[in-house]
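Compute the structure for the input listed below.
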Amino acid sequence: MIHIRKSADRGHAAHGWLDSRFTFSFAEYYDPQHVQFRTLRVMNDDRIAAGAGFPTHPHRDMEIVTYVLDGALAHKDSMGNGSVIRPGDVQYMSAGTGVAHNEFNASDTEPVHLYQIWMLPDKKSYSPIYGQKHFSEAEKRGKLRLVVSPDGRDGSVKIRQDNELYATVLGAGETVAHELKPERYAYVQVARGSVKLNNKELETGDGAAISGEKSLELTGVTDAEVLLFDLA
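A predicted model of the protein is given here:
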């Protein structure tokens, strides 16, 4: 079964400096039909204006992954980490027993566009940790590149949950396939462009919650960038 969540049906918050689309219930947006999918709890499509950002705030017991599409995001946290996240980078923060951080657009002139993703950990009260890796466009072009996994294989970012995240960049007519093991689920999010997912067309911002399928096939309709979650 493939349940499509159209981009326009997502939650929306516009704060001037921040424009966010919410796949799942978040902050003031609540939809009892879209609270989470499996352990995938938050998927926010954020656009942050130049020079703006989120002041220091806390998190606890959450696996947080940030995927930047355009621009650059500056990060600082209470663990002493400071970095700038750019397209191709995957940043990971396991909040565990508690961490505080801030995130600001690193540019005074250009916006930053990113996905922030939260997943529930496999248990609570871990010690907080941080990680960041870069995956070139060539690694994702016409193939599913594993960027997040529970075991860190193939150079992926290691997280504390039995979930995998793949990223792909497809041109028109390019196809990638993914096999789902029994009792596994998937979520597909189109970051930009348009694709066909098992012959169902998805456009920018569309997502699809998948259960009971043995295999997935993604084909570019236009140039596209897509995130694919393989979930316990």
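
which residues of the chain fall in helices?
Using DSSP state H, the helices of the chain run over 137-140.

any low-confidence regions in the chain?
Residues of the chain meeting the criterion pLDDT under 70: none.

For the residue lying closest to Ala95 once chain neighbours are set aside, give me its contacts.
Nearest residue to Ala95, sequence neighbours excluded (CB to CB, 6 or more residues apart in numbering): His59, at 3.8 Å. All C-beta atoms are positioned from the backbone trio N, CA, C, and that covers glycine. Contacts here follow CB atoms under 8 Å, 6 or more residues apart in numbering; on that basis His59 touches 93, 95, 98-101.

Out of these, which end up buried?
By neighbour count, with 16 or more other CB atoms under 10 Å, the contacts of His59 hold 93, 95, 99, 101 as buried.

Show me what the third one bridges to in the sheet.
With DSSP bridges applied, Val99 shows beta-bridge pairing to His59.

wait, what's in contact with Gly207?
Contacts of Gly207 by CB under 8 Å, 6+ apart are 4-5, 23, 43, 187-190.

Among those residues, the buried ones, what's the ChimeraX command?
The buried residues among the contacts of Gly207 can be selected in ChimeraX (16+ other CB under 10 Å) with this line:
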select :5,23,43,187,188,189,190
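
Farthest pair within the contacts of Gly207?
Ile4 and Met43 (14.5 Å; CB to CB).

Against Thr23, how distant is the residue nearest to Ile4 when sequence neighbours are not counted?
Excluding its sequence neighbours, the residue lying closest to Ile4 (CB to CB, 6+ apart) is Ala208, at 5.1 Å. Applying CB to CB, to the nearest Å, the value for Ala208 to Thr23 is 11 Å.

Same check on Arg160?
21 Å.

Next: His15.
The value you get for His15 to Thr23, if CB to CB is used, is 18 Å.

now swap in Asp89 and tell me
21 Å.

and the closest residue to Lys214 other than its chain neighbours, what does it touch?
Nearest residue to Lys214, sequence neighbours excluded (CB to CB, 6+ apart): Leu180, at 6.0 Å. For Leu180, the contacting residues are 186, 210, 213-216, 230, by CB under 8 Å, 6+ apart.

who's Val157 bridged to?
Beta-bridge pairing of Val157 under DSSP bridges involves Val148.

Can you verify my assumption that it contacts Val147?
Yes - the pair Val157 and Val147 passes the contact test of CB atoms under 8 Å, sitting 6.3 Å apart.

Of the two, give the one with the bigger neighbour count.
Val147 (25 against 18; other CB atoms under 10 Å).

so the more buried one touches Thr168, yeah?
No - checked against CB under 8 Å, the pair Val147 and Thr168 is beyond contact range at 10.1 Å.
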